[in-house]
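Engineer: 3D model of this:
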Amino acid sequence: MIPDDIAARFTRSDGSYLCARWGRPIAPIVFGVDDATLAVVKGAFEALCALAGHQMAETDPELGANVMVFFFRDWQELLQVPDLDRLIDGLEPLVARLSGSGANQYRVFRFDASGAIRACFVFLRMDDALSAMPAETLALNQVVQTMVLWSDTAFTDRSPLGRLGDGRVVLRPEIGALIRAVYDSVMPAVAQDRSHALRLAARIAASPSA
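Structural biologist: A predicted model of the protein is given here:
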């Protein structure tokens with residue numbers, strides 16, 4: 001990936017550049033699925049953390065769980081989740097907006113004092129499109145988008161996933177390399193200058209797997 005391609009992944013629709021990674025081990029919890037799907041989602045987190053060289057934990061000392069993934073059929077169901085309105089500011093108008101737009105997914109990030117990711121809430125309304133996806137594909141796609149704070153337009157034109165000749169869906173190699181570079185110990189946890197993309201490109205080029 002050339003620096004301009006990398007910069008595009010973190011340049012938001014308002015023109016600002018922002019890249020952030022997790023500043024603490026990831027401790028996920030999943031609501032609204034059976035045990036088999038739960039295992040698939042947690043397996044996707046384990047795979048992406050291994051790729052990034054990042055840690056997972058059973059619990060977060062501050063929050064208990066710092067990634068909450070909700071599967072549901074109707075946005076209104078979120079209003080019935082105990083104390084969720086304490087975690088998500090403006091939950092009721094958010095639900096009204098998402099319901100009105102017909103959205104089937106939404107992510108909310110929270111950040112620590114340094115700007116690194118400290119929590120993420122993933123909401124998945126299982127409409128026909130999401131329900132038709134294999135659980136492995138849906139889980140991998142969502143976890144990729146929680147590992148790093150991407151631009152709001154990062155994957156508008158092309159999914160972070162690709163399909164192999166045998167039909168398996170996998171993370172595209174260039175996206176995997178970019179995630180590894182973002183989590184490289186020499187890179188900052190948060191960056192707001194486009195020169196950061198040049199440094200990421202250099203890390204990718206220097207990687208033995210590049």
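Engineer: For this protein, which segments are assigned as strands?
Structural biologist: Read by DSSP state E, the chain holds these strands, from start to end of the chain: 19-20, 28-31, 67-72, 105-111, 117-125, 161-163, 169-171, 190-191.
Engineer: Turn those strands into a markdown table, including mean pLDDT.
Structural biologist: Output for those, formatted as a markdown table (pLDDT from 0 to 100):
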| stretch | mean pLDDT |
| --- | --- |
| strand 19-20 | 98 |
| strand 28-31 | 96 |
| strand 67-72 | 97 |
| strand 105-111 | 96 |
| strand 117-125 | 97 |
| strand 161-163 | 92 |
| strand 169-171 | 92 |
| strand 190-191 | 98 |
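Engineer: most tightly surrounded among the ones you listed?
Structural biologist: strand 19-20 (a mean of 25; mean count of other C-beta atoms under 10 Å). (Glycine included, C-beta is placed from N, CA and C.)
Engineer: What's opposite the closest residue to Gly115 other than its chain neighbours in the beta bridge?
Structural biologist: Nearest non-adjacent residue to Gly115, counting by C-beta to C-beta, 6 or more residues apart in numbering: Val190, 3.7 Å away. Beta-bridge partners of Val190, counted by DSSP bridges, are Ala20.
Engineer: who's in contact with Val190?
Structural biologist: By C-beta atoms under 8 Å, 6 or more residues apart in numbering, Val190 lies in contact with 18-21, 114-116.
Engineer: Check those for burial and list the buried ones.
Structural biologist: Buried members of those, scored by 16 or more other C-beta atoms under 10 Å, are 18-21, 115-116.
Engineer: Just give me the closest of those to Gly100.
Structural biologist: Gly100 lies nearest to Leu18 out of the buried ones among the contacts of Val190, by C-beta to C-beta, at 27.3 Å.
Engineer: what's in contact with the longest helix seen in the chain?
Structural biologist: When the chain is parsed with DSSP state H, its longest helix is helix 35-52. The contact list for helix 35-52 (C-beta under 8 Å, 6+ apart) reads 21, 26, 28, 30, 33, 55-56, 67, 69, 71, 135-136, 139-140, 142-144, 147, 171, 176, 179-180, 182-183.
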